[in-house]
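In: A predicted structure for the sequence below; I have some questions about it.
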Amino acid sequence: MKWVGFLVWCGLLFCVRGSDVPCRQAGGTCQHNSLYCSGSYRRNMCAGSARRQCCIPSRASSGSDTPCINQGGTCQYDHLQCTGQYQSYLCSGAANRRCCIPSRSSSGSSPSSGNYNCYGNFMNLHPTGASAQTARQDRIRQGGVSASQRMVANDIRELRKRKSCYIQAGNNNCVHPAVIAGIASRETRGGAIIERTGGWGDNHNAYGIMQCDGGASGLGEEVCTRYLWNSCEHINMMVEILLVPYIRTIQSKHPSWAPEQQLQGAVSAYNAGTGNVRTFDRMDVGTTGNDYSNDVMARAQYLVSRFGW
């Protein structure tokens with residue numbers, strides 16, 4: 001009976017902890033307190049376990065990546081591949097979060113296509129581009145490939161800020177960086193529309209430049225918020241644990257499709273799930289705007305043909 005009473009008491013005081021709203025209103029992110037926090041943890045501001053606490057970034061840490069950025073680098077954990085050299089003491093946070101400064105040869109040229117052929121050549125695809133609904137985001141009157149091209153061109157400055165991140169994720173997962181950046185362009189305009197929300201989009205249901213939806217994907221919020229929303233690590237994580245598994249599922253479901261068609265199917269699944277990908281011509285029916293993969297692939301192709309990715 002003592003244990004029953006304890007469990008009831010525990011349930012009343014700890015197990016029902018409300019929502020994550022107090023943390024979000026304070027500008028923080030709810031996550032397990034074993035994860036790295038760029039500021040400090042505060043208790044009793046998050047739902048769930050007592051170890052799920054609110055990470056509120058400090059003012060100092062939010063701006064202390066500037067030395068790395070000023071040298072053309074990207075702050076990331078040093079177990080990830082760097083296309084140049086790592087330099088210490090230029091980034092905020094943990095000691096193993098270092099500045100990757102691309103070499104001149106890698107930063108000034110497009111990545112070698114030989115590293116990204118695992119899933120076919122997406123430049124052989126013939127996407128139909130954005131729907132009129134999607135095109136209206138940029139006040140473009142008609143949909144189509146030209147609309148996708150104009151939209152990704154509008155995002156190019158934001159995408160270039162993290163080009164090294166897309167290249168690294170591409171190298172790590174054998175997916176062309178332009179495809180990854182195309183998804184980022186479609187999801188968050190490369191991060192531009194989630195700056196003010198601390199990386200949250202879709203009514204606070206999805207996190208990061210690549211928009212990790214813990215509920216829809218089944219990954220859970222703790223996984224989705226494992227890395228900072230605008231970090232190379234987060235971009236790489238989304239490719240590694242979501243896009244690539246989707247590719248493999250589509251390969252199994254549609255073995256007769258060409259590899260690049262399977263890749264496009266996985267991009268469609270990124271938005272609406274693998275169960276929605278039944279036929280190649282109608283795979284986007286049911287995705288946001290009914291155009292998701294055709295829009296993303298058109299954006300990706302333009303990043304290559306127009307901007308040299």
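Out: Cool, the structure landed.
In: Okay, and residue 30 sits in which element?
Out: Per DSSP states H and E, residue 30 falls inside strand 29-32.
In: next structured bit after that strand?
Out: Next element after strand 29-32 (DSSP H and E): strand 39-42.
In: In terms of secondary structure, what does that next one contact?
Out: strand 52-57 (3 or more CB pairs under 8 Å, 6 or more residues apart in numbering; DSSP states H and E). For glycine as for every other residue, the C-beta is placed from the backbone atoms N, C-alpha and C.
In: give me that answer again for 10 Å
Out: strand 52-57, helix 59-63 (3 or more CB pairs under 10 Å, 6 or more residues apart in numbering; DSSP states H and E).
In: Worst mean pLDDT among these?
Out: The weakest mean pLDDT among the helices and strands packed on strand 39-42 belongs to helix 59-63, with a mean of 42.
In: and the residue lying closest to residue 241 once chain neighbours are set aside, how many neighbours?
Out: Taking CB to CB, 6 or more residues apart in numbering, and ignoring the residues beside it in sequence, residue 241 has residue 219 as its nearest neighbour in space, at 7.1 Å. Counted with other CB atoms under 10 Å, residues neighbouring residue 219 total 17.
In: What of residue 51?
Out: Residues near residue 51, counting by other CB under 10 Å: 12.
In: Could you pull up the contacting residues of the closest residue to it other than its chain neighbours?
Out: Nearest non-adjacent residue to residue 51, counting by CB to CB, 6+ apart: residue 33, 5.1 Å away. Residues near residue 33 by CB atoms under 10 Å, 6 or more residues apart in numbering: 41, 43, 46, 49, 50, 51, 52, 53, 54, 55.
In: my read is residue 241 is in a helix, agree?
Out: Yes - counting by DSSP: H, G, I helix; E, B strand; the rest coil, residue 241 falls inside a helix.
In: Next one, pLDDT for it please.
Out: 92.
In: Contact partners for it?
Out: 173, 212, 217, 219, 223.
In: And residue 47, how far from residue 31?
Out: 12 Å (CB to CB, to the nearest Å).
In: Can you pull out the low-pLDDT segments for this protein?
Out: Low-confidence segments of the chain (pLDDT under 70): 1-18, 34-39, 57-67, 69-72, 89, 94-95, 103-115.
In: quick one on the thing from earlier: among the contacts of residue 241, which one sits closest to residue 276?
Out: Set against residue 276, the nearest of the contacts of residue 241 by CB to CB is residue 217 (13.7 Å).
In: what number of residues lie near the closest residue to that closest one other than its chain neighbours?
Out: Distance criterion CB to CB, 6+ apart; nearest residue to residue 217, sequence neighbours excluded, is residue 242 at 6.2 Å. Applying other CB under 10 Å, we find 20 residues neighbouring residue 242.
In: again, but for residue 126
Out: Residue 126 has 9 neighbouring residues, counting by other CB under 10 Å.
In: Same question for residue 304.
Out: 18.
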